[in-house]
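**Student:** I would like to see how this sequence folds:
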Amino acid sequence: MDPHLLRTYVTVARLASFSEAARELGYTQSAVSQHIAALETDLGLPLLSRRPVAPTPAGQRLLEHAGALLLRFDAARADLGRFAATPRATLSVAASPLALHPRILAALPATGVTLRELPRERVPEAVATGEADAGLVDGIAAPSDPLPLPDVAPLRATGVAEEPLVVVLPASHPLAGRPGLRLDDLVDARWLDAPAAGIPLDRLRAVHGGPAGRGFRTALRYDGTDTRTLAALSAAGHGLALLPLPVAGGVPGVTAVPLVAPRLVHRTELLLPGFGEREPTGPTAEFTRRLKS
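**Tutor:** Have a look, this model is predicted:
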């Protein structure tokens, strides 16, 4: 299966238009039509209906495979490119928002750094495909347990920080005076769903292990990355949030109560390309050394 043809197919299916796909990809419309026809001939199946443009059942199934296939192609190309690459004097780091706490920021070189904030799920992809030299990804786990990472490509993950978790709630909340809280106490509470600025609610449901779809209902969704805004929303009574202890304070009207059960931590991991286990060089090696020390 030719990855160029597959990429064209994914673009046409996403835009539901041959002409729009041609504009985005920089091809003529006839070239796009030829790509789709060649892919359909290769697979022996119709993939798109033409009026309107929409995936057939076989085409829909191909879309379920396409993202992972194209990511693997891009990762392989990036890895082979590292054999020919000259040593770099700069460092590109992709990081999820909650991975950027002061100790990690202090480990960055003084110059020549590009730091990009990305959603958690995009950080491994950025490292695998060469968009970034290194990645910093965060999540919740049992102490010393590695984070579950998507199988996008071989990556080396090293834990670089573990911090206690706290429940952020208004100072006037009935539970604000407790010395500690359990997730069991909070299943029926109203929560702020902030996938980038806090711990996503689907992770709370997963670690709680209750009936599917039960509890931790969303009172308000926040799509930003600023933890202070998230804490201020909690102070205003819009819901609870789970945050690492170091970023939970400093907002008036908020109380941070330790999460005591289940026993979980906020973990940050450094991600590096894992193909061939080659050691990093240049600024990436220096950043890695400073993080591990």
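
**Student:** right, and the helix or strand after the longest helix anywhere in the chain?
**Tutor:** Longest helix in the chain, counting residues (DSSP state H): helix 57-84. Later in the chain than helix 57-84, the nearest helix or strand by DSSP states H and E is strand 91-95.

**Student:** average pLDDT across the helix or strand just after that next one?
**Tutor:** Note on strand 91-95: by DSSP H and E, the next helix or strand toward the C-terminus is helix 102-106. On average, the pLDDT along helix 102-106 is 90.

**Student:** then the following helix or strand past helix 102-106 to PDB, C-alphas only?
**Tutor:** Next along the chain after helix 102-106, taking DSSP H and E as the criterion, comes strand 113-117. Taking Å, rounded to 0.1, in the frame of the first residue of the first chain, the C-alpha atoms of strand 113-117 are listed here in PDB:
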ATOM      1  CA  VAL A 113      15.600  25.900  22.600                       C
ATOM      2  CA  THR A 114      12.200  25.600  21.000                       C
ATOM      3  CA  LEU A 115       9.500  24.600  23.500                       C
ATOM      4  CA  ARG A 116       6.100  23.500  22.200                       C
ATOM      5  CA  GLU A 117       3.000  22.800  24.300                       C
END
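
**Student:** how about Pro280, what does it touch?
**Tutor:** Listed by Cβ atoms under 8 Å, 6 or more residues apart in numbering, the contact partners of Pro280 are Asp133, Ala134, Leu272, Thr288. Placement of C-beta: from N, CA and C, glycine included.

**Student:** shouldn't the first one be in contact with Leu91?
**Tutor:** Yes - with contacts defined as Cβ atoms under 8 Å, Asp133 counts as touching Leu91 at a distance of 5.6 Å.

**Student:** have a look at the two and say which one is more surrounded.
**Tutor:** Each of Asp133 and Leu91 has its neighbours counted (other Cβ atoms under 10 Å); Asp133 has more, 25 against 22.

**Student:** what's the pLDDT at the more buried one?
**Tutor:** In this model, Asp133 carries a pLDDT of 94.

**Student:** please state the backbone phi and psi of it?
**Tutor:** Backbone geometry at Asp133, expressed as degrees, to the nearest 10, gives phi -70, psi -30.

**Student:** re the thing from before, same for the longest helix of the chain, what does it pack against?
**Tutor:** Judged by 3 or more Cβ pairs under 8 Å, 6 or more residues apart in numbering; DSSP states H and E, helix 57-84 is in contact with helix 3-15, helix 122-128, strand 265-273.

**Student:** for that helix, buried residues please.
**Tutor:** Neighbour-count burial for helix 57-84 flags Gly59, Leu62, Ala66, Leu71, Arg72, Phe73, Asp74, Ala75, Ala78, Asp79 (criterion: 16 or more other Cβ atoms under 10 Å).
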